[in-house]
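*Asks:* Turn this into a structure:
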Amino acid sequence: MNIHFLLTDDQILSVLGRRIEAIRLQRNMTQAHLAREAGVSKSTIERLESGSVSTRLTTLVRILRVLQLVDRFDMLIPEVTTSPMELLKRQGKPRKRASKRKDEDHEHKPWTWGV
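*Replies:* Next up, the predicted model:
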């Protein structure tokens, strides 16, 4: 199953858990071995693979490091690159804050039913 924005958070966690389990089994690793190498409990691995409970991001990083998948975070959140034209426009200075969007300048009325 592909992960996409229509899935609920629980469904995404379930898909990720099944994928981690499949990779672990493909590498012929027990849950206990993965837990020991990642420095977490076996029950943490069980919960992660079942998709029943979310886990701390640091725990996920440890597990993915043991499975040699930590480099995939590059695809998850790619590094932002600045175009040469943008660098020229900003005289080589990196952007430090966001500017107000044009549609934020107008006052918005609160939304109500049937009005």
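*Asks:* Whichever helix in the chain runs longest: how far from the chain's middle?
*Replies:* Ranked by residue count and defined by DSSP state H, the top helix of the chain is helix 9-26. In terms of CA atoms, centre = their mean, to the nearest Å, the centre of helix 9-26 is found 13 Å from the chain centre.
*Asks:* who's in contact with the helix or strand containing Glu37?
*Replies:* If you go by DSSP states H and E, Glu37 is part of helix 31-38. With contact meaning CB atoms under 8 Å, 6 or more residues apart in numbering, helix 31-38 is reached by 24, 41-42, 44-46, 49, 59, 62-63, 65-67. For glycine as for every other residue, the C-beta is placed from the backbone atoms N, C-alpha and C.
*Asks:* Alpha carbons only: can I get that helix in CSV?
*Replies:* What follows is helix 31-38, C-alpha atoms only, in CSV (Å, rounded to 0.1, in the frame of the first residue of the first chain):
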residue,chain,number,x,y,z
GLN,A,31,12.7,-8.4,17.1
ALA,A,32,14.9,-9.0,20.2
HIS,A,33,18.1,-8.5,18.1
LEU,A,34,16.8,-5.3,16.5
ALA,A,35,15.7,-4.0,19.9
ARG,A,36,19.1,-4.7,21.4
GLU,A,37,21.0,-3.1,18.6
ALA,A,38,18.7,0.0,18.6
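*Asks:* Okay, Arg47 and Arg56: tell me how far apart.
*Replies:* Applying CB to CB, to the nearest Å, the value for Arg47 to Arg56 is 12 Å.
*Asks:* Many thanks, have a good one.
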